[in-house]
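1. need a 3D model of the following:
(chains A and B)
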Amino acid sequence: MIKLTKLFLLILILVLSFQKSLQANNNSLLINKISKNLRCLICQGQSVYDSQSDFALSIKILIKNKIEEGKSEKQIYDYLKNQYGEWIVYDPEFNKKNLVLWIFPLILFTFGGLLIFRKVFIN
Amino acid sequence: MISSHIGYYSLVLGFILSISLLIYSLFCFRKNNKQINQNVFSILFLQLFTVVISFISLVYSFVISDFSNETVYNNSHTTKPIFYKITGTWGNHEGSLLLWLLVLTLFIFLFIVFSKKQPTKYRLLSIFFQQIIICGFFLFLLLTSNPFNFLFPIPNEGLGLNPILQDPALAIHPPILYLGYVGSSIIFSASLASLVENNINSEWAAHIKKWILISWVFLTIGILLGSVWAYYELGWGGFWFWDPVENVSLMPWLCLTALIHTIIVLEKRNLLKSWTVVLSIATFTLSMSGTFLVRSGILNSVHTFANDPKRGVFILFFLFVLILLSLILFFIYQDKDNNSQKEFFLISKETSILINNWFMMYFLSVVLIGTIYPIFLEVLINEKISIGPPFFNKLLIPFVAIFLIFMTIGPKLNWIKDNYRGIKYLRIILFLICLILSFYLIKKTSSEILFTSLLGGAAIYLLLISIEDLFKKKYNISQVISHFGFSLFILSILINSLFSNEFSANMKVGQEISFKKEQIKFSKIKIFEKENYKSVVANFEIIDEKENVISLYPEIRIYNQPNILTSEADIISSVFSDKFMVMNLLKGEEIFNVRYQTKPFMIWIWLSAFLISFGGILSLFRRN
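-> Model prediction:
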């Protein structure tokens, strides 16, 4: 165990010292990131990023223009939601309509935790 | 023509045998014989035989391209290679249901042959419950999805099989996945039988554990194959898209994984009986609704449901009957005086397995709600939302991270009660080092640093701990291998998603573009005529900083029947990174859209997923 920890410390130091600076963020990365979170509305279960359809290509150009205009990621999503409806984004909003979606698993988790607690401590 | 007749009538015969088995198994059950009547074996065998005959007839119709058969007409073509004519048999709704039925009858036959040491009444009841399922499938096939419908006048040519399905990985993916799905039907029937017979105990657990392991191994490998196929055939460079069709196969897997752990508690401590039954029922229900949801097209769009209302209604009714039946049985026969006098201690293997189940059920609930919520929303308030990777990442990553930490502790604990051995400072230091390392690697690439680095740190920590365990004889080797595989799996996915690079551009022949430290040169293009498609193969040269040249040959296939273009990626795999290149035709036929990606640790994802299932295989062949 001690050996393992020491060895690992050594590796850590090596990695830290040899780390090269990773790529800086640029526009094309952001376009990719955004388009991965968008549904290609005319395709079967493909994202805008994956699709080569005219629709997807035009959305990619639109994203590019918006970024160059200096819009933030969130502003771009909001704009698209306004244009095409909520269906276009893969990340559902946290709102009244989607409350069950976000809360249900967490409630279930809490409930499960309570059950286990009861089993272990109250017997 | 004649093969369709044979196929159809042997299906009808199989259905009659199924009905007679339903009655006969109950009759034998009442008679209290010590042995199972030889007739039961004969009928079971005969039933398997009729389904095999029916299946072979369908395969034969596909092989000889008998277009008087509607299924063959819709899904085959004379110019298709023989291999895909055969695999096309289960590449469609009717054929895949017939395959389900084949595996169902095969499994019950094998189950009865290999369960001779079990009580007779329990075996008879297992046959009875399994026959209810089989009966339902026969009816479903004969009434709504007959694979042997005739067409007249006989068409000269078929419509062809979707080219993206013409692929070796996808040819074997459905049968293996089905072995996993249908394996869970045996677990379902057996636990209901055992419930009724009040036979749920350690001995039963040891016997059913093998069947759970078998279906789990097949399910794992089936999902893996589907994922490998998506990676190289769909041409997007991803391997998991949180697509409903994928989620549907993941749900029974999560449930079955929980069951594998629970059954050990039942085997060793004779505890958690009702929970075992609940998990068995849930696994099978999820498998079946999964197949049906995919097959009926509900998932892609709510509206296709209405296209064939007969199928949809049958599915719903059948599922309803099975769930109702199992719930009623569960409440009548549930062990009332539960062994609650047996204590659960906080620091014990039982509790750690409960924690495993707790997390598994949480993961299951996330995947389940993420898959069906859009359907409900559309039906109820007519609003469409999409649920994709961001949703699943948000709800899963933090929990998986904590889950991984539990995995480093749980398997080391003793049964019943373990002693609190004090805090191991060295372990905590090691864990902190892992966290720092993970944070340092991740901070420049990820936007959600907190949870991602926690996940990375926990995965590295579990990896180290399980490597250490691999060299100790003290622990169960198959468990250590699976857990080691799991940590490697999470780590590889993380590295892969964080450090993938990609380049996309429109290029002409002869053009050269530099990307990062590499030069990408589009050197030439060649066109070949193949059996049932035209192939356009490009040659790209990737020149790295040390002047090493790597050639990649992405391809576009233009299929004639049906007329579809597919892009075949060219992938060069090395130990640490895949080079992935795919191209698409743009209008004008001179310019191609080229996408080049470097994807680190791809092989490790496949390898680790295989390691996870290998643990299961090993456990099957080990004697206790």
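2. look up how far B:Phe317 lies from whatever residue of chain A ends up closest to chain B.
-> In chain A, the residue that lies nearest chain B is A:Tyr90 (2.6 Å; CB to the nearest CB). Yep, even glycine has a C-beta here, placed from its N, CA and C like the rest. As judged by CB to CB, to the nearest Å, A:Tyr90 and B:Phe317 stand 34 Å apart.
3. settle it for me: which of those two has more neighbours?
-> A:Tyr90 (21 against 11; other CB atoms under 10 Å in any protein chain shown).
4. wait, what's in contact with residue 45?
-> Let's take chain A. Residues near A:Gly45 by CB atoms under 8 Å, 6 or more residues apart in numbering or on different chains: B:241, B:243-245, B:300.
5. please refer instead to chain B.
-> For B:Phe45, the contact set (CB under 8 Å, 6+ apart) comprises B:Phe109.
6. a markdown table for the contacts of A:Gly45, including distance to B:Tyr533 and pLDDT?
-> Compiled in a markdown table, the contacts of A:Gly45 are given as follows (distance: CB to CB, whole Å; pLDDT from 0 to 100):
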| residue | distance to B:Tyr533 | pLDDT |
| --- | --- | --- |
| B:Phe241 | 26 | 84 |
| B:Asp243 | 26 | 83 |
| B:Pro244 | 29 | 83 |
| B:Val245 | 25 | 82 |
| B:Asn300 | 26 | 54 |
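7. quick check: can you list the domain ranges of chain A?
-> For chain A, the domain assignment from automatic domain parsing gives the residue ranges A:26-91, A:93-123.
8. OK, now which residue of chain B is nearest to chain A?
-> Of the residues in chain B, the one nearest chain A is B:Gly388, at a distance of 2.6 Å by CB to the nearest CB.
9. do I have it right that B:Ile6 meets B:Thr50?
-> No - taking contacts as CB atoms under 8 Å, B:Ile6 lies outside contact range of B:Thr50: 10.1 Å.
10. ok, these two, which is more surrounded?
-> When B:Ile6 and B:Thr50 are compared for neighbours, B:Thr50 comes out ahead with 23 against 17, by other CB under 10 Å.
11. state the helix or strand in which the more buried one lies.
-> B:Thr50 is part of helix B:38-63 when elements are defined by DSSP states H and E.
12. coming back round to it: contact partners for the residue nearest to the residue of chain B closest to chain A when sequence neighbours are not counted?
-> Nearest residue to B:Gly388 in three dimensions, chain neighbours excluded: A:Tyr90, at 2.6 Å (CB to CB, 6 or more residues apart in numbering or on different chains). Residues in contact with A:Tyr90, defined by CB under 8 Å, 6+ apart, are A:37-39, A:47, B:386-391.
13. now, those that are in helices?
-> Here DSSP state H is the test, and these give B:389-391 as lying in helices.
14. which parts of chain B are strands?
-> B:501-507, B:512-515, B:518-529, B:533-543, B:549-552, B:555-559, B:565-568, B:570-573, B:577-585, B:592-600 (DSSP state E).
15. check which helices and strands the fifth one is in contact with.
-> Helices and strands in packing contact with strand B:549-552 are listed as strand B:533-543, strand B:570-573, strand B:577-585; criterion 3 or more CB pairs under 8 Å, 6 or more residues apart in numbering or on different chains; DSSP states H and E.
16. pLDDT score assigned to B:Lys342?
-> pLDDT for B:Lys342: 66.
17. which elements pack onto the host helix or strand of A:Leu115?
-> For A:Leu115, the host element (DSSP H and E) is helix A:99-121. On a contact count with 3+ CB pairs under 8 Å, 6+ apart, helix A:99-121 meets helix B:349-381, helix B:389-409.
18. need those helices in a markdown table (columns: mean pLDDT).
-> What follows is those, written out as a markdown table (pLDDT from 0 to 100):
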| stretch | mean pLDDT |
| --- | --- |
| helix B:349-381 | 91 |
| helix B:389-409 | 92 |
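19. go through these and name the closest to B:Ser514.
-> If you check each of the helices and strands packed on helix A:99-121 against B:Ser514 by CB to CB, helix B:389-409 wins as the nearest, at 30.6 Å.
20. quick check: buried residues in the closest one?
-> By neighbour count, and taking 16 or more other CB atoms under 10 Å in any protein chain shown as the criterion, the buried residues in helix B:389-409 are B:389, B:391-393, B:395-401, B:403-408.
21. and the stretch 151-300 of chain B, which of its residues are near chain A?
-> By CB under 8 Å from any CB of the partner chain, the part of the stretch 151-300 of chain B that sits against chain A consists of B:234, B:236, B:238, B:241, B:243-245, B:300.
22. helices of the stretch 201-350 of chain B, start to end?
-> Ranges of helices in the stretch 201-350 of chain B, per DSSP state H, counting those that start in this stretch, are B:202-233, B:244-269, B:273-296, B:304-307, B:309-333, B:349-381.
23. again with chain A
-> According to DSSP H, the helices that chain A contains are A:2-18, A:27-36, A:54-68, A:73-84, A:99-121.
24. helices or strands next to the second one in the packing?
-> Okay, so that is helix A:27-36. Applying 3+ CB pairs under 8 Å, 6+ apart, one finds that helix A:27-36 makes contact with helix A:54-68, helix A:73-84.
25. look at B:Phe614 and report its pLDDT.
-> 95.
26. my read is that it contacts B:Ile481, right?
-> Yes - contact between B:Phe614 and B:Ile481 holds when scored by CB under 8 Å: they sit 6.1 Å apart.
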